[in-house]
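1. Have a look; sequence and predicted model below, questions after that.
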Amino acid sequence: MPGSEPTVAPSATWGTVGTSETFPTPDAACRKQHEIYNPGATYQPPEFAAPHAFHCKWLARQFGGPPEASTVLPATTILYCPNPYHLTRTGICRRLTDTNPECDCTEDSQPVSLGANPVVGNPVSLATGAKIESELDFQTADGQFGVFRQYRSRQHSLSRISSTSLPGFGPNWHGILPGRLTVFESNHNRFDKIEYLTPSGGIGYFKVWNFWDAASWAYVADANGRRQLEMVAPPPASRKAYFEAAAAGPSGSAEFKLTESDGSYTLYRRADNWSPDRPPPSGPLGLLVH
């Protein structure tokens, strides 16, 4: 029914050449590939290539492997969903009918060109038919602090990097936190892009304009968004070294500043360090928390 969780889908599994069988982990898929193509070679753990791909590895005879090894080289294992499901960027299988824009809401800092988004009735969005609901869980007597949640029935996207789920509420609720920032690598491990998931479920991106400069920290908003993202104090390290380093302490200083079009801002710091060993949906990426 509208606004409910998407249909329960099968888990994504890892496929490899030489067999139609799929496997729960990249290592299991690569071991099967090794068994089929070069069982005499010295097997090595697979190497991260992309969020949904790992390079299988073994020492073939021509590269120092044992005499019983052949010269066949390893291939890549890929994460798959069975038909009619499609793989999301968070490693979840979804049907296209369960996939909709993150948010059709009008926000202060969205591009001006998007215009107004009228709603009617209970309310329901005229643009997409999404059911919308807002809840105030707590507010101080002076009204200076409140805890809000927003519900939107159309929230399942193939392209989202960060998880939208709020513990105890499910993926269609947003709020509690003033938006989430997720760092990911989109150009050869250059960590040049940051995804912003707004409190109401909207989605936007910041990118390093000159991503080939590994030491550049000049982020710009995609699609003419009016938010600004900057480092509080740009570190001397490259982006790769910085995000792969140990996370800031629980009470560490702010590292990023996200400014809205009205001048208000939220400070963020690293919540976790990037790790290529974590499979989707938890990695490889880095979450920034306020």
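-> Great, that's in hand. Residues are numbered from 1 along each chain as shown.
2. Tell me where the stretch 51-200 of the chain has helices.
-> Taking DSSP state H, counting those that start in this stretch, the stretch 51-200 of the chain contains no helices at all.
3. just for it, where's the confidence low?
-> Residue ranges of the stretch 51-200 of the chain with pLDDT under 70: 90, 97-117, 127-128, 154-171, 174-178, 185-189, 199-200.
4. 90 instead, please
-> 51-53, 83-139, 143-200 (pLDDT under 90).
5. Now do the strands in it.
-> Along the stretch 51-200 of the chain, counting by DSSP state E, counting those that start in this stretch, strands occupy 53-59, 76-80, 85-87, 93-95, 119-120, 124-125, 132-139, 146-152, 173-175, 180-184, 193-197.
6. so which of the ones you listed gets nearest residue 238?
-> Taking CB to CB, strand 180-184 is the member of the strands of the stretch 51-200 of the chain nearest to residue 238, at 13.3 Å. C-beta: built from backbone N, CA, C; applies to glycine.
7. Please identify the pairing partners of the closest one and their relative orientation?
-> Note on strand 180-184: by DSSP bridges, its sheet partners are strand 193-197 (antiparallel), strand 286-289 (antiparallel).
8. which one of the strands of the stretch 51-200 of the chain lies closest to residue 244?
-> Here strand 180-184 is closest among these (CB to CB), at 10.6 Å.
9. What's the local residue count around residue 135?
-> Residues lying near residue 135 (other CB atoms under 10 Å) number 12.
10. Nearest residue to it in space, please, no chain neighbours.
-> Using CB to CB, 6 or more residues apart in numbering and skipping the chain neighbours, the partner closest in space to residue 135 is residue 149 (4.6 Å).
11. same deal with residue 211?
-> Using CB to CB, 6+ apart and skipping the chain neighbours, the partner closest in space to residue 211 is residue 192 (3.6 Å).
12. cool, and residue 61?
-> residue 69 (4.2 Å).
13. Please tell me I have it right and that neighbour contacts residue 63.
-> No: Residue 69 is beyond contact range of residue 63, at 9.0 Å (criterion: CB atoms under 8 Å).
14. which of these two has more neighbours?
-> Legend: neighbour count by other CB under 10 Å for residue 69 and residue 63, higher for residue 69 (19 against 12).
15. ok, that one - contacts?
-> Residue 69 makes contact with 38, 40-42, 58-61, according to CB atoms under 8 Å, 6 or more residues apart in numbering.
16. change it to 6 Å
-> Counting by CB atoms under 6 Å, 6 or more residues apart in numbering, residue 69 touches 40-41, 60-61.
17. what do you get for residue 215?
-> By CB under 6 Å, 6+ apart, the contact set of residue 215 is residue 238.
18. Buried residues, the helix or strand hosting residue 27. List them.
-> Residue 27 belongs to helix 26-37 when assigned by DSSP states H and E. Counting neighbours by 16 or more other CB atoms under 10 Å, one finds that the buried residues in helix 26-37 are 26-34, 37.
19. now, among these, which is nearest to residue 139?
-> Among the buried residues of helix 26-37, residue 26 lies closest to residue 139 (CB to CB), at 47.2 Å.
20. Give me the neighbour count for residue 133.
-> Neighbours of residue 133 using other CB under 10 Å come to 14.
21. isn't it right up against residue 150?
-> No: at 7.1 Å, residue 133 does not count as touching residue 150 under the criterion of CB atoms under 6 Å.
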